[in-house]
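Trainee: Just need the structure, nothing else, for what follows:
(chains A and B)
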Amino acid sequence: AQSVAQPEDQVNVAEGNPLTVKCTYSVSGNPYLFWYVQYPNRGLQFLLKYITGDNLVKGSYGFEAEFNKSQTSFHLKKPSALVSDSALYFCAVRADQTGANNLFFGTGTRLTVIP
Amino acid sequence: EPEVTQTPSHQVTQMGQEVILRCVPISNHLYFYWYRQILGQKVEFLVSFYNNEISEKSEIFDDQFSVERPDGSNFTLKIRSTKLEDSAMYFCASGGLAGVETQYFGPGTRLLVL
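Mentor: I've put the predicted structure just below:
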(Lines give C-alpha, C1' and ligand atoms only; values in the text may rest on other atoms or scores of the structure.)
Protein backbone atom coordinates (compact mmCIF):
# COMPACT_ATOMS: atom_id res chain seq x y z
CA ALA A 1 0.00 0.00 0.00
CA GLN A 2 1.11 3.50 -0.71
CA SER A 3 0.71 6.47 1.57
CA VAL A 4 2.03 9.92 2.25
CA ALA A 5 2.26 11.73 5.56
CA GLN A 6 2.51 15.46 5.98
CA PRO A 7 2.93 15.79 9.73
CA GLU A 8 2.27 19.51 9.93
CA ASP A 9 -1.15 20.93 9.10
CA GLN A 10 0.21 24.47 9.34
CA VAL A 11 3.62 26.04 8.91
CA ASN A 12 4.27 29.71 9.63
CA VAL A 13 7.45 31.41 8.55
CA ALA A 14 8.61 35.01 8.37
CA GLU A 15 9.21 36.52 4.98
CA GLY A 16 12.84 36.12 3.95
CA ASN A 17 13.43 33.14 6.20
CA PRO A 18 14.00 29.63 4.89
CA LEU A 19 11.00 27.34 4.82
CA THR A 20 10.57 23.59 5.04
CA VAL A 21 7.40 21.60 4.47
CA LYS A 22 7.77 18.00 5.53
CA CYS A 23 6.69 14.85 3.74
CA THR A 24 7.32 11.18 4.39
CA TYR A 25 6.09 8.34 2.26
CA SER A 26 5.48 4.62 2.19
CA VAL A 27 5.49 2.72 -1.08
CA SER A 28 6.35 -0.71 -2.43
CA GLY A 29 9.30 -0.44 -4.74
CA ASN A 30 10.86 2.75 -5.97
CA PRO A 31 8.90 5.91 -5.32
CA TYR A 32 8.03 8.67 -7.70
CA LEU A 33 7.48 11.79 -5.60
CA PHE A 34 5.75 15.04 -6.41
CA TRP A 35 4.95 18.38 -4.81
CA TYR A 36 1.92 20.41 -5.82
CA VAL A 37 0.69 23.79 -4.60
CA GLN A 38 -2.91 24.91 -4.36
CA TYR A 39 -3.88 28.54 -4.16
CA PRO A 40 -7.38 29.50 -2.95
CA ASN A 41 -10.11 28.44 -5.37
CA ARG A 42 -7.54 27.13 -7.81
CA GLY A 43 -6.42 23.74 -9.01
CA LEU A 44 -3.22 21.94 -8.15
CA GLN A 45 -0.09 23.38 -9.68
CA PHE A 46 2.93 21.15 -10.21
CA LEU A 47 6.08 22.32 -8.43
CA LEU A 48 8.63 19.55 -8.80
CA LYS A 49 9.17 15.81 -8.89
CA TYR A 50 11.73 13.14 -8.09
CA ILE A 51 11.90 10.15 -10.38
CA THR A 52 15.53 9.07 -10.27
CA GLY A 53 19.01 10.55 -10.17
CA ASP A 54 20.15 13.47 -8.05
CA ASN A 55 18.48 13.47 -4.66
CA LEU A 56 18.09 17.25 -4.72
CA VAL A 57 15.52 18.38 -7.25
CA LYS A 58 14.79 21.96 -8.16
CA GLY A 59 11.40 23.17 -9.24
CA SER A 60 9.29 26.20 -9.94
CA TYR A 61 9.38 29.49 -8.01
CA GLY A 62 12.70 28.71 -6.31
CA PHE A 63 11.46 25.61 -4.52
CA GLU A 64 13.55 22.49 -4.12
CA ALA A 65 13.12 19.14 -2.43
CA GLU A 66 15.50 16.50 -1.17
CA PHE A 67 14.81 12.81 -1.57
CA ASN A 68 16.10 10.81 1.38
CA LYS A 69 15.62 7.10 0.84
CA SER A 70 16.79 6.00 4.28
CA GLN A 71 14.34 8.34 5.99
CA THR A 72 11.66 7.87 3.31
CA SER A 73 11.28 11.62 3.16
CA PHE A 74 10.87 14.25 0.48
CA HIS A 75 10.82 17.60 2.26
CA LEU A 76 10.07 20.76 0.31
CA LYS A 77 12.37 23.70 0.90
CA LYS A 78 12.98 27.26 -0.15
CA PRO A 79 15.89 29.41 1.01
CA SER A 80 13.93 32.64 1.33
CA ALA A 81 10.14 32.67 1.71
CA LEU A 82 7.88 35.18 -0.01
CA VAL A 83 4.45 36.29 1.13
CA SER A 84 3.16 35.04 -2.22
CA ASP A 85 4.28 31.51 -1.28
CA SER A 86 1.38 31.34 1.18
CA ALA A 87 -0.76 28.45 -0.03
CA LEU A 88 -1.66 24.80 0.56
CA TYR A 89 1.09 22.34 -0.34
CA PHE A 90 0.52 18.70 -1.18
CA CYS A 91 3.06 15.92 -1.39
CA ALA A 92 2.17 12.94 -3.57
CA VAL A 93 3.67 9.56 -4.38
CA ARG A 94 3.16 6.85 -6.89
CA ALA A 95 4.85 3.48 -7.09
CA ASP A 96 7.24 2.35 -9.76
CA GLN A 97 4.82 -0.28 -10.96
CA THR A 98 3.43 -0.88 -14.39
CA GLY A 99 -0.15 0.24 -14.59
CA ALA A 100 -0.09 2.01 -11.25
CA ASN A 101 -0.13 5.61 -12.37
CA ASN A 102 -2.43 7.15 -9.82
CA LEU A 103 -1.07 9.53 -7.24
CA PHE A 104 -1.53 9.19 -3.50
CA PHE A 105 -1.69 12.56 -1.79
CA GLY A 106 -0.91 13.71 1.70
CA THR A 107 -3.39 15.74 3.69
CA GLY A 108 -1.69 19.00 2.81
CA THR A 109 0.24 21.63 4.74
CA ARG A 110 -0.92 25.21 4.85
CA LEU A 111 2.04 27.54 4.58
CA THR A 112 1.66 31.08 5.82
CA VAL A 113 4.46 33.53 5.18
CA ILE A 114 4.26 36.47 7.54
CA PRO A 115 5.35 39.86 6.21
CA GLU B 1 1.50 27.08 -22.08
CA PRO B 2 -1.10 24.34 -22.58
CA GLU B 3 -3.36 23.63 -19.64
CA VAL B 4 -6.18 21.37 -18.56
CA THR B 5 -9.58 23.05 -18.55
CA GLN B 6 -12.75 22.00 -16.77
CA THR B 7 -16.40 22.98 -17.01
CA PRO B 8 -18.45 24.00 -15.19
CA SER B 9 -16.49 25.64 -12.42
CA HIS B 10 -19.41 25.18 -10.04
CA GLN B 11 -22.45 22.93 -10.13
CA VAL B 12 -25.34 22.63 -7.72
CA THR B 13 -27.66 19.66 -8.09
CA GLN B 14 -30.37 17.84 -6.23
CA MET B 15 -29.73 14.44 -4.70
CA GLY B 16 -30.53 11.68 -7.16
CA GLN B 17 -29.86 13.78 -10.23
CA GLU B 18 -27.25 12.95 -12.85
CA VAL B 19 -24.31 15.24 -13.39
CA ILE B 20 -21.64 15.32 -16.06
CA LEU B 21 -18.36 17.03 -15.40
CA ARG B 22 -16.29 17.95 -18.40
CA CYS B 23 -12.58 18.23 -18.96
CA VAL B 24 -10.36 19.09 -21.88
CA PRO B 25 -6.94 17.52 -21.24
CA ILE B 26 -3.69 18.79 -22.70
CA SER B 27 -3.81 17.85 -26.35
CA ASN B 28 -0.84 15.49 -26.71
CA HIS B 29 -1.41 13.67 -23.43
CA LEU B 30 -2.52 10.07 -23.39
CA TYR B 31 -3.34 9.42 -19.73
CA PHE B 32 -6.37 11.01 -18.11
CA TYR B 33 -7.45 11.03 -14.49
CA TRP B 34 -10.21 12.14 -12.17
CA TYR B 35 -9.54 12.97 -8.55
CA ARG B 36 -11.78 14.49 -5.91
CA GLN B 37 -11.22 16.56 -2.80
CA ILE B 38 -13.92 16.68 -0.18
CA LEU B 39 -13.81 19.98 1.66
CA GLY B 40 -10.95 20.02 4.13
CA GLN B 41 -9.69 16.60 3.15
CA LYS B 42 -6.96 15.29 0.93
CA VAL B 43 -7.11 14.75 -2.79
CA GLU B 44 -8.27 11.21 -3.61
CA PHE B 45 -7.83 9.24 -6.81
CA LEU B 46 -10.99 8.11 -8.58
CA VAL B 47 -10.05 6.70 -11.97
CA SER B 48 -7.47 6.68 -14.70
CA PHE B 49 -8.11 6.26 -18.40
CA TYR B 50 -5.76 5.23 -21.17
CA ASN B 51 -6.27 4.01 -24.70
CA ASN B 52 -10.03 4.49 -24.44
CA GLU B 53 -10.52 2.35 -21.39
CA ILE B 54 -10.27 2.52 -17.64
CA SER B 55 -6.79 1.47 -16.51
CA GLU B 56 -7.27 1.83 -12.77
CA LYS B 57 -10.05 2.80 -10.41
CA SER B 58 -10.37 3.26 -6.69
CA GLU B 59 -12.99 1.85 -4.40
CA ILE B 60 -14.72 5.23 -4.51
CA PHE B 61 -15.40 4.77 -8.21
CA ASP B 62 -18.46 2.54 -7.93
CA ASP B 63 -21.23 1.79 -10.40
CA GLN B 64 -22.63 5.29 -10.01
CA PHE B 65 -19.57 6.71 -11.74
CA SER B 66 -18.53 6.43 -15.36
CA VAL B 67 -16.01 8.09 -17.60
CA GLU B 68 -15.96 8.66 -21.29
CA ARG B 69 -13.87 10.24 -23.96
CA PRO B 70 -16.61 10.99 -26.48
CA ASP B 71 -14.39 12.72 -29.00
CA GLY B 72 -10.76 13.60 -29.49
CA SER B 73 -10.70 16.34 -26.91
CA ASN B 74 -13.22 15.93 -24.09
CA PHE B 75 -12.99 13.64 -21.09
CA THR B 76 -16.10 13.39 -18.94
CA LEU B 77 -17.05 12.09 -15.53
CA LYS B 78 -20.68 11.14 -15.02
CA ILE B 79 -22.35 10.55 -11.70
CA ARG B 80 -25.64 8.80 -12.38
CA SER B 81 -27.52 9.42 -9.15
CA THR B 82 -25.79 11.92 -6.93
CA LYS B 83 -25.61 11.53 -3.18
CA LEU B 84 -24.95 14.16 -0.55
CA GLU B 85 -21.51 12.70 0.05
CA ASP B 86 -20.57 13.30 -3.59
CA SER B 87 -20.24 16.99 -2.77
CA ALA B 88 -16.59 17.78 -3.43
CA MET B 89 -14.15 19.48 -5.74
CA TYR B 90 -13.49 17.25 -8.73
CA PHE B 91 -10.17 17.59 -10.51
CA CYS B 92 -9.30 16.32 -13.93
CA ALA B 93 -5.64 15.65 -14.73
CA SER B 94 -3.72 14.53 -17.76
CA GLY B 95 -0.27 13.10 -18.24
CA GLY B 96 2.11 12.30 -21.04
CA LEU B 97 3.34 9.10 -22.56
CA ALA B 98 4.36 7.19 -19.48
CA GLY B 99 3.39 6.95 -15.88
CA VAL B 100 6.42 8.87 -14.74
CA GLU B 101 5.21 11.91 -16.53
CA THR B 102 3.84 14.73 -14.46
CA GLN B 103 0.08 14.89 -14.07
CA TYR B 104 -1.23 18.34 -14.80
CA PHE B 105 -4.42 19.29 -13.03
CA GLY B 106 -7.33 21.41 -14.12
CA PRO B 107 -8.86 24.11 -11.93
CA GLY B 108 -11.61 21.79 -10.70
CA THR B 109 -15.38 21.67 -10.61
CA ARG B 110 -16.99 22.30 -7.26
CA LEU B 111 -20.03 20.04 -6.99
CA LEU B 112 -22.64 20.65 -4.33
CA VAL B 113 -25.38 18.07 -3.88
CA LEU B 114 -28.42 19.26 -1.96
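Trainee: is it true that A:N55 touches A:F67?
Mentor: Yes - between A:N55 and A:F67 a contact is recorded at 4.5 Å, counting by Cβ atoms under 8 Å. The C-beta positions use only the backbone N, C-alpha and C, and glycine is treated the same way.
Trainee: Pick out whichever of these two has more residues nearby.
Mentor: Between A:N55 and A:F67, counting by other Cβ atoms under 10 Å in any protein chain shown, A:F67 is the more crowded of the two (20 against 11).
Trainee: Give me the below-cutoff pLDDT ranges for the chain.
Mentor: By default, I'm working from chain A. Residues of chain A meeting the criterion pLDDT under 70: A:96-100.
Trainee: think we crossed wires, I meant chain B
Mentor: Checking chain B against pLDDT under 70 turns up B:97-100.
Trainee: Tell me which residue lies nearest the centroid of it.
Mentor: B:W34 (3.1 Å; Cα atoms, centre = their mean).
Trainee: Distance of that one relative to chain A?
Mentor: Computed as Cβ to the nearest Cβ, to the nearest Å, the B:W34 to chain A distance reads 10 Å.
Trainee: same question, B:I54
Mentor: B:I54 sits 11 Å away from chain A, taking Cβ to the nearest Cβ as the criterion.
Trainee: Bridged to the closest residue to that residue other than its chain neighbours, which residues?
Mentor: Closest residue to B:I54 apart from its sequence neighbours, by Cβ to Cβ, 6 or more residues apart in numbering or on different chains: B:V47 at 5.9 Å. With DSSP bridges as the criterion, B:V47 is bridged to B:W34, B:K57.
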